[in-house]
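K.L.:
Kindly generate the corresponding structure for this input.
(chains A and B)
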Amino acid sequence: MSEPAPRKIVLKGRAVIGGVAEGEALVSDRPLMGWGMVNDKMGYTVEKGHPLYEVPFKGKVLVFPGMRGSGGFIMYGRTRAFDTHPAAFVYTRGNSVMYLASMNAKVPTITDLDGDPVELIDTGDWVRVDGDKGIVEVTKKR
Amino acid sequence: MQLNDEEKRILDGAQGYMAQKCMKFLVAYGEAAGAERLVDINGTVDIHPGSLSWVAGEFPITQEEIEELARKGERFKVPTYGNKPVNPGLIIDGWETCGTRPNNDPEYHKRRMQSIKPLIQMGMVPTLSCDYYLVGTFWPTKGQHCSWGESSAIPWCNAVLGARTNFDGCFQAAYLGKIPYHDLHVPERRLATILVESESVLKSDMEYDLFGWAVGEFCGMEVPTLVGVGSPRTNQLVKMNSALCTGGQVRMYHIVGVTPEAPTLEATRRGAKWAKQTVIGKKELRAVYDLLNTAKTDDVDFVYLGCPHYSIEEVQRVARLLEGKKCRIATWVMTNPATYQLAEMMGYRDIIETAGASLLSGTCACELRGEYPPAQVFATDAAKQAYYIKGHAHPKELGVCYGTTEDCVRAAVTGKWQGEWREA
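P.N.:
Numbers count the residues shown, from 1 in each chain, chains lettered A, B, ... in the order given. Below you'll find the predicted structure:
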């Protein structure tokens, strides 16, 4: 008996930054905070009690609902300078600071999707982000 | 994005290299934001000295380039205010008394101040503060398009003044006098989807601070309409705005009968009904208070006041509380440079320094990235500073006491925390 084909989900959204990248999903159901709450050199959040506390996001497709707090969220983009940046960003809803962070990280970014990525994608799923077409392809882990 | 003829010419380099680079940045940002066009800024801009080289993605602007522009006599197109210097923060006034390196080094101070000069030569008003709007005196009026870049300040522009800004204050906007037209520039985007009712009229500054956090957490990045809060004073709005953009990212809100775009409840709502609504009361405020209070001991070593930078009324209040007393522990009272001058004229600097505290301006304990008096337990009267300082201290465990200004001054004088709201 052959294994059943892994389940796939395709989401369409608005491309913020173009390019194509893929990687394992790292999903947060809570907003992310910058400034003192992100260590851009280490590439993880240092917000105590956050589900992604000290979990490195380098090379992952970082999936989250949005940001909260300071404009220091731009440090998520600054991670590029320390080579700790995610492979791509997928966020439910963006704002200007998040767009600027994506521009600085220089990684494919998609938002305003036809389904909530935080609900549909789980940590560990394999995700391909096509920022040219605005398409997110999710291969479910199980 | 659709550019007009003038904008196309700038993009093609007709107005020189810097204008072209700034336009390339605005176009890239506008496309990332899904904006269809740029809008002329008829309000104001703020910029953080020290942030210019790394906010701009593919189009960074260097210190040398800014110096060159200043030498050539170039000017910002629109009224531009200086936010706090960053990367890292800088104490503008009172640094001689701070007792921490490198800010107590005259050479360091001179060098950093020198690096801000070209921006001032180009016309940036050296308000050098997160709450420059409290002293800048040149407020945008209702409906004007702005480009502000400070989380605690954005709701002042949008909600309090009824002017329009996203979170994007930058050199490029000041230089070209343009910014992408999207989100909060668009009238419909300014309407509320969430209704938040305060269970009782808010009275103290701390209640407004805690309420702001609770609303921010509930709303995320959405626009709420607030009812039942009462008539906030200036300090209370500043505190609430700061907490709205710490617990959440509320860049715009309405208070019916108070803020300029809220003549009636119905006028503030987007669509036929609220997407969600809630009531926030004592229980919710208490939950935020408990979240912020993490110290396991009552022995405080450092008191930080002034987040956002204290207004003259707050400096006055602290000076009166400290008059004739002595601080047992390191105590910083942070304001903006303009208010520092007022405090000096009114004798408050002398009173604060005689009590053994420092009156400083232009930065905060968080922005100084760990440069503050040695501390195991930190006390403050601002939700924003209380929460973020734990991240800035990471991986070191820093205990935090959060409470009223009076609680903090009492801790400064006694070295012990006796928070008014603390469980017996």
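K.L.:
Can you tell me the strand partners of the longest strand that chain B contains and which way each runs?
P.N.:
Longest strand in chain B, counting residues (DSSP state E): strand B:302-310. Strand B:302-310 pairs in its sheet with strand B:330-335 (parallel), strand B:377-380 (parallel), by DSSP bridges.
K.L.:
now the angle between strand B:302-310 and the helix or strand that it is followed by, please.
P.N.:
With elements assigned by DSSP states H and E, the helix or strand that comes after strand B:302-310 is helix B:312-322. Going by axes from the mean of the first three to the mean of the last three CA atoms, to 10 degrees, helix B:312-322 is angled at 150 degrees with respect to strand B:302-310.
K.L.:
Would you indicate which residues of helix B:312-322 are buried?
P.N.:
Residues B:312, B:314-319, B:321-322 are the ones in helix B:312-322 that count as buried (16 or more other CB atoms under 10 Å in any protein chain shown). C-beta: built from backbone N, CA, C; applies to glycine.
K.L.:
Make TSV from these and add distance to A:A105 and pLDDT to it.
P.N.:
Listed next are the buried residues of helix B:312-322 as TSV, based on distance: CB to CB, whole Å; pLDDT from 0 to 100:
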residue	distance to A:A105	pLDDT
B:I312	41	98
B:E314	38	98
B:V315	40	98
B:Q316	44	98
B:R317	43	98
B:V318	41	98
B:A319	45	98
B:L321	46	98
B:L322	46	98
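K.L.:
which one of those residues is nearest chain A?
P.N.:
For these, the closest approach to chain A (CB to the nearest CB) belongs to B:E314, at 21.0 Å.
K.L.:
show me the contacts for that closest one.
P.N.:
By CB atoms under 8 Å, 6 or more residues apart in numbering or on different chains, B:E314 lies in contact with B:235, B:305-306, B:335, B:405.
K.L.:
and residue 23, what pLDDT?
P.N.:
You didn't say which chain, so I picked chain A. Note for A:G23: predicted pLDDT of 98.
K.L.:
Actually, chain B is the one I wanted.
P.N.:
Here the pLDDT value assigned to B:M23 is 97.
K.L.:
That one against B:G177, yeah?
P.N.:
No. Taking contacts as CB atoms under 8 Å, B:M23 lies outside contact range of B:G177: 11.4 Å.
K.L.:
Which one's more surrounded, those two?
P.N.:
Counted by other CB atoms under 10 Å in any protein chain shown, B:M23 and B:G177 do not tie: B:M23 has more neighbours, with 25 against 19.
K.L.:
what packs against whichever strand or helix holds the more buried one?
P.N.:
Using DSSP H and E, B:M23 sits in helix B:17-33. Using 3 or more CB pairs under 8 Å, 6 or more residues apart in numbering or on different chains; DSSP states H and E, the elements in contact with helix B:17-33 are strand A:14-17, helix A:96-105, helix B:5-11, helix B:171-176, strand B:178-180.
K.L.:
Buried residues, the following helix or strand past the first one. List them.
P.N.:
Same thing as strand A:14-17. Under the assignment DSSP H and E, the closest C-terminal helix or strand after strand A:14-17 is strand A:20-27. Within strand A:20-27, the residues scored as buried using 16+ other CB under 10 Å are A:21, A:23, A:25-27.
K.L.:
now swap in stretch B:30-50 and tell me
P.N.:
Quick answer for stretch B:30-50 (16+ other CB under 10 Å): B:30-35, B:38-39, B:41-50.
K.L.:
In strands, which of those residues appear?
P.N.:
B:38-39, B:45-47.
K.L.:
Return the per-residue confidence for B:E423.
P.N.:
Looking at B:E423, the pLDDT reads 69.
K.L.:
Enumerate every residue touching the nearest residue to A:A15 once chain neighbours are set aside.
P.N.:
Excluding the flanking residues, the one nearest A:A15 by CB to CB, 6 or more residues apart in numbering or on different chains is A:G134, at 4.2 Å. Contact analysis of A:G134 by CB under 8 Å, 6+ apart lists A:12-15, A:110.
K.L.:
Which parts of chain A are strands?
P.N.:
A:8-12, A:14-17, A:20-27, A:32-33, A:38-39, A:44-45, A:61-64, A:67-68, A:88-91, A:109-111, A:126-130, A:135-139.
K.L.:
can you list the residues of chain A near chain B?
P.N.:
Within reach of chain B by CB under 8 Å from any CB of the partner chain, chain A has these residues: A:14, A:16-17, A:31, A:33, A:35-39, A:46-48, A:65-71, A:74, A:77-78, A:81, A:93-97, A:99-100, A:102-104, A:106, A:109, A:112.
K.L.:
Return the distance of A:S70 relative to B:A56.
P.N.:
19 Å (CB to CB, to the nearest Å).
K.L.:
out of the two, which sits in the more crowded spot?
P.N.:
Remark: of A:S70 and B:A56, A:S70 carries more neighbours, 27 against 22, as counted by other CB under 10 Å.
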